[in-house]
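Undergrad: this is a predicted model, with the sequence first.
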Amino acid sequence: MEHPNEATVSEKELLEAGYRKYDGEDMSIFYSRDICEHAGKCVKGNPEVFEVGRRPWIITDNGEVNHTADVINQCPTGALKYIKKEK
């Protein structure tokens, strides 16, 4: 089943749409500041991966892939997207 924030477009399309890529070993996370409404579901859901005061604020490999995907799927605006890497 497709998740609402699992990218159905290519990495190239996300980058062209203004998303920033945070690359990890098992997945890449993409973030669009332009559509983020700062609901905070990512930071509350997985503060090891998403920490606003840190640079970079997203460290993809700080969390387990499926849990991180579940947190990203809670993003109400689609400002966060992800692409799992094939093993």
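TA: Thanks, I have the structure now.

Undergrad: against which helices or strands is the longest helix seen in the chain packed?
TA: Longest among the helix segments of the chain by residue count, using DSSP state H, is helix 65-72. Applying 3 or more CB pairs under 8 Å, 6 or more residues apart in numbering; DSSP states H and E, we find helix 65-72 packed against strand 27-31, helix 41-45, strand 80-84. (Each C-beta comes from the backbone N, C-alpha and C, glycine too.)

Undergrad: out of the ones you listed, which is closest to residue 62?
TA: Set against residue 62 and scored by CB to CB, those come closest in strand 27-31, at 10.8 Å.

Undergrad: that closest one pairs with which strands, and in what direction?
TA: Each strand that pairs with strand 27-31, with its direction, by DSSP bridges: strand 20-23 (antiparallel), strand 80-84 (antiparallel).

Undergrad: related to what we said a few turns ago, which of the residues in the longest helix of the chain are classified as buried?
TA: By neighbour count with 16 or more other CB atoms under 10 Å, helix 65-72 contains the buried residues 65, 68, 69, 71, 72.

Undergrad: which residue sits closest to the fourth one, ignoring its sequence neighbours?
TA: What sits nearest to residue 71 in space, not counting adjacent residues and going by CB to CB, 6 or more residues apart in numbering, is residue 45, at 3.6 Å.

Undergrad: reformat the helices and strands packed on helix 65-72 as a markdown table; add mean neighbour count.
TA: Converted to a markdown table, the helices and strands packed on helix 65-72 look like this (neighbours: other CB atoms under 10 Å):
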| stretch | mean neighbour count |
| --- | --- |
| strand 27-31 | 22 |
| helix 41-45 | 17 |
| strand 80-84 | 21 |
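
Undergrad: between the ones you listed, which one is nearest to residue 51?
TA: In terms of CB to CB, the element of these nearest to residue 51 is helix 41-45, at 6.9 Å.

Undergrad: show residues contacting the closest one.
TA: The contact list for helix 41-45, computed with CB atoms under 8 Å, 6 or more residues apart in numbering, reads 49, 50, 51, 52, 70, 71, 72, 74, 75, 76, 80.

Undergrad: kindly indicate which of the residues you listed lies nearest residue 34.
TA: Distances from residue 34 to the contacts of helix 41-45, taken by CB to CB, are shortest for residue 80, at 12.6 Å.
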